[in-house]
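A.B. asks: below are the sequence and a predicted model for it; my questions follow.
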Amino acid sequence: MSPLLSLRDLRHRWPGAAVDTLDVPAFDLAAGEAVFLRGPSGCGKSTLLSLMAGVLVADAGTVALLGQDWRTQSAARRDRLRADHVGYIFQQFNLLPYLSVIDNVRLPLRFSARRRARCAGADEPAQWLARLGLDASLWKRPAAQLSVGQQQRVACARALAGRPELVIADEPTSALDEGTRDRFVDALLSSCREAGSALVLVSHDARLAGHFARQIDLPALNRAAAAGGLR
Ligand SMILES: Nc1ncnc2c1ncn2[C@@H]1O[C@H](COP(=O)(O)OP(=O)(O)OP(=O)(O)O)[C@@H](O)[C@H]1O
């Protein structure tokens, strides 16, 4: 079966930089697979996530999601592909603060007919909130009134709404305390399994790696790091 996400001979250099940030010969992610991506600060983890989601386009090589290379798509087509197939959980959540919790979770469905069609029912956004342990008394509140841990659960429910094939999480636990962190990662992993979504999660926190069957050390994968370009 062809992979969900396939990288081949990927090269990326930021404008003005003297060396490549990333030079990755090969990486495949299967449908529904969960991967923990780690590496020291500045090694290119967030850059790689942006390339996987088609937010950035590689200078060379292939980054294909569902067989479609981001580099050969127009900007409008990339936006469409991302809205249809990718859920993104940001370090600072990026919720709309004055919108209610439930409307934040519904947002991706407004931008994607495909994700609307994949919803198990009209109340799927509410089901993800419940699944992630967010009390129903909070669902109509503006997102800004929630605690950091609660907002992070809303961000996960939003990423999962409409069951995108790929969920990307960039340091989603950095604002959480230690006890909450393990529970949060377990809830995210089991929710992704239930949604059938693959997960790429980046964290500095090596202790979280134990939750994942597959772990990737980015400097080991990245020829630019081996060449001494970055570090
Ligand atoms: N918008 C940008 N413009 C130019 N250079 C950038 C930009 N974003 C990142 N970089 C550079 O690319 C390299 C990798 O940065 P990136 O944010 O991907 O690393 P990271 O591993 O995610 O770091 P951290 O763990 O600290 O978040 C760094 O040298 C950084 O300075």
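C.D. replies: Good, I have the coordinates.
A.B. asks: quick one: name the residues of this protein near the ligand.
C.D. replies: Contacts of the chain with the ligand, taken as C-beta under 6 Å from any ligand atom, map to 14, 21, 39, 41-47. Any C-beta I mention is one placed from the backbone N, CA and C, and that applies to glycine too.
A.B. asks: any idea how far L166 is from D23?
C.D. replies: 23 Å (C-beta to C-beta, to the nearest Å).
A.B. asks: sorry, that was for L107
C.D. replies: 17 Å.
A.B. asks: so those two - more neighbours on which side?
C.D. replies: More neighbours surround L166 than the other of L107 and L166, with 24 against 15 (other C-beta atoms under 10 Å).
A.B. asks: against the ligand, how distant is that one?
C.D. replies: 18 Å (C-beta to the nearest ligand atom, to the nearest Å).
A.B. asks: so which helix or strand of the chain has the lowest pLDDT on average?
C.D. replies: Least confident helix or strand of the chain, by mean pLDDT, DSSP states H and E, is helix 223-226 with a mean of 86.
A.B. asks: and it, C-alpha only, in CSV?
C.D. replies: Extracted C-alpha coordinates of helix 223-226, given in CSV (Å, rounded to 0.1, in the frame of the first residue of the first chain):
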residue,chain,number,x,y,z
ARG,A,223,21.9,14.9,6.0
ALA,A,224,22.2,18.7,6.5
ALA,A,225,22.8,18.1,10.2
ALA,A,226,25.3,15.3,9.5
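A.B. asks: tell me the buried residues in that helix?
C.D. replies: In terms of neighbour count (16 or more other C-beta atoms under 10 Å), helix 223-226 has its buried residues at 223-225.
A.B. asks: which among those residues gets closest to A53?
C.D. replies: A224 (19.9 Å; C-beta to C-beta).
A.B. asks: I figured that closest one was touching D23, is that so?
C.D. replies: Yes. Using C-beta atoms under 8 Å, A224 makes contact with D23 at a distance of 4.1 Å.
A.B. asks: wait, what's in contact with the most centrally placed residue in the chain?
C.D. replies: The centroid of the chain falls nearest to I168 when counting by C-alpha atoms, centre = their mean (0.9 Å). Applying C-beta atoms under 8 Å, 6 or more residues apart in numbering to I168 gives the contacts 49, 52-53, 86-89, 199-200.
A.B. asks: switch to 10 Å and redo it
C.D. replies: By C-beta atoms under 10 Å, 6 or more residues apart in numbering, the contact list for I168 reads 5, 37, 48-50, 52-53, 55, 86-90, 159, 197-202.
A.B. asks: ok, now T173?
C.D. replies: 91, 149, 152, 180-182, 184-185, 188, 201, 203-205, 207-208.
A.B. asks: now do 8 Å
C.D. replies: 152, 181, 184-185, 203, 205, 208.
A.B. asks: go through the helix ranked longest in the chain and flag the buried ones.
C.D. replies: If you go by DSSP state H, the chain has its longest helix at helix 178-195. Buried positions in helix 178-195, judged by neighbour count with 16+ other C-beta under 10 Å: 180-182, 184-185, 188-189, 191-192, 195.
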